[in-house]
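Asks: Fold the stuff below for me.
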Amino acid sequence: MNLRFLILICFLVLAQTVFFPFNLAMMAVLFLGIVGVEERKVLILSFWSGLILDLFWGGKLGLSSLAFLVLSLAIFAIKRYLAVFRLVTIFFLALFADLSFNFFIFHFFKFNKSLVSAFIFLFVFFLWGRNKMRDGNQLKLELKLK
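Replies: Sure, this is the predicted structure:
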């Protein structure tokens, strides 16, 4: 993991804890897991983002890391069964991820916040996909991280 990842993680976690009520670090892990980044890189990113999130929040150290790792593994398992991610699938995956994270960390559901987070994630993913659209309606998911 290089310095760019660490700066990105710190920026997302800082923005999440100070400005936005949405789980931006989880959205980044979900996005990178869906777009086809190498599994090893996503697992490392999810571990470090959860650890840094716990350091900024002051919660139990490692709990968010565990939740992000489980989310990453769930994404990889779903990707093996689904050939194409449709926007509806991505929306419900983001909604489920945010709801389960809130329940796992805070022990209650924040449905309204999770619904807004899922719509924001879907909108960002749609804008990214629109820019990457090739060959009619086929979307080739690629993201090069070094």
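Asks: how about the strands in this protein?
Replies: 133-134, 138-139 (DSSP state E).
Asks: Of these, which shows the lowest average pLDDT?
Replies: Mean pLDDT is lowest for strand 138-139 among the strands of the chain, at a mean of 46.
Asks: residue ranges with poor pLDDT in this protein?
Replies: Applying pLDDT under 70 to the chain picks out residues 1-2, 83-85, 87, 107, 109, 129-146.
Asks: again, only this time at 90
Replies: 1-46, 48-68, 70-146 (pLDDT under 90).
Asks: what ranges do the helices span in it?
Replies: 3-18, 24-34, 39-57, 63-81, 87-106, 111-131 (DSSP state H).
Asks: Pick the most buried one from these.
Replies: Of all the helices of the chain, helix 24-34 has the most neighbours on average by mean count of other C-beta atoms under 10 Å, namely a mean of 24. (Glycine included, C-beta is placed from N, CA and C.)
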